[in-house]
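Enquirer: what follows is a predicted structure for the sequence shown.
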Amino acid sequence: GAGVSQSPSNKVTEKGKDVELRCDPISGHTALYWYRQSLGQGLEFLIYFQGNSAPDKSGLPSDRFSAERTGGSVSTLTIQRTQQEDSAVYLCASRKVGDGNQPQHFGDGTRLSIL
Amino acid sequence: DQQVKQNSPSLSVQEGRISILNCDYTNSMFDYFLWYKKYPAEGPTFLISISSIKDKNEDGRFTVFLNKSAKHLSLHIVPSQPGDSAVYFCAASAWDFNKFYFGSGTKLNVKP
């Protein structure tokens, strides 16, 4: 498809388990962002990748969270030893860089539930 | 510290009337402002944007106004339609577009 693809769409796991969330950005979009939206809250910035530059990890809430982007395309967000407060919708967005002001395009998110 | 604020969590408007959604920001370095629309179980969808060199941008029924001195922007929807019912987020970025800061959203309900 032409849009940002995220998988899985839903994930239910037990507290303490590790989870891995995947994001396939739009082809040709070099910028990739991860956000988290907790119930009733706005979008919380987590991490930003741009080309080969070092990622901006300033939004990651703890060292249990990490993300990587392989080959400048697909990204995975990993949460280790999940806690109940990690329950949220995790959104990925990509953006075309170098062509004026371009908005982010979002995937439909992964709804993560920690039991 | 929230740099982009949407102080109205919800708004209810009659079909055909104007919807006005408001957003305030604190960072004078913000250069680019956007509005997104979000339906349940879907990701936000880009609606309209404005650069700081302008004070108004119009796209069909949607107009965004920017008041830099007041650090305030608003989205006008005229006429409002039931299909406009969704959560609307405003967002802002500095010139480098490295980070986008989002408000907490306003849930718009357009009544038929």
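Expert: That came in fine, so what should we check first?
Enquirer: residue farthest from the centroid of chain A?
Expert: When each C-alpha in chain A is compared with the mean C-alpha position (Cα atoms, centre = their mean), residue A:100 comes out farthest, at 23.9 Å.
Enquirer: run through the residues of chain B sitting next to chain A.
Expert: Applying Cβ under 8 Å from any Cβ of the partner chain, we find that chain B lies next to chain A at B:6, B:32, B:34, B:36, B:41-46, B:49, B:51, B:89, B:91, B:97-105. The C-beta positions use only the backbone N, C-alpha and C, and glycine is treated the same way.
Enquirer: among these, which are located in strands?
Expert: Using DSSP state E to define strands, the subset of those located there is B:32, B:34, B:36, B:45-46, B:49, B:51, B:89, B:91, B:100-102.
Enquirer: selecting buried members of the residues of chain B next to chain A in PyMOL, what would you type?
Expert: PyMOL command restricting the residues of chain B next to chain A to the buried ones, with burial defined by 16 or more other Cβ atoms under 10 Å in any protein chain shown:
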select buried, chain B and resi 6+32+34+36+43+44+46+49+89+91+97+99+100+101+102+103+104+105
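Enquirer: next, the contact list for the most centrally placed residue in chain A, please.
Expert: For chain A, residue A:34 is the residue whose C-alpha lies nearest the centre (Cα atoms, centre = their mean; 3.1 Å). Applying Cβ atoms under 8 Å, 6 or more residues apart in numbering or on different chains, we find residue A:34 in contact with A:23, A:46-48, A:67, A:75, A:77, A:90-92.
Enquirer: again, but for residue A:50
Expert: Applying Cβ under 8 Å, 6+ apart, the residues near residue A:50 are A:30-32, A:97, B:98.
Enquirer: swap in residue B:48?
Expert: B:34-35, B:57, B:59, B:62-64, B:75.
Enquirer: now tell me which helix or strand of chain B has the poorest mean pLDDT.
Expert: In chain B, no helix or strand scores lower on mean pLDDT, DSSP states H and E than strand B:100-102, which sits at a mean of 92.
Enquirer: which secondary structure elements does that strand sit against?
Expert: Here strand B:100-102 touches strand A:44-50, strand B:30-38, strand B:86-94, going by 3 or more Cβ pairs under 8 Å, 6 or more residues apart in numbering or on different chains; DSSP states H and E.
Enquirer: quick check: phi and psi on residue B:84?
Expert: Note on residue B:84: backbone dihedrals following degrees, to the nearest 10 are phi -80, psi -10.
Enquirer: so what's it closest to, chain neighbours aside?
Expert: Excluding the flanking residues, the one nearest residue B:84 by Cβ to Cβ, 6 or more residues apart in numbering or on different chains is residue B:110, at 5.0 Å.
Enquirer: what is the neighbour count of that neighbour?
Expert: For residue B:110, the neighbour count with other Cβ atoms under 10 Å in any protein chain shown is 21.
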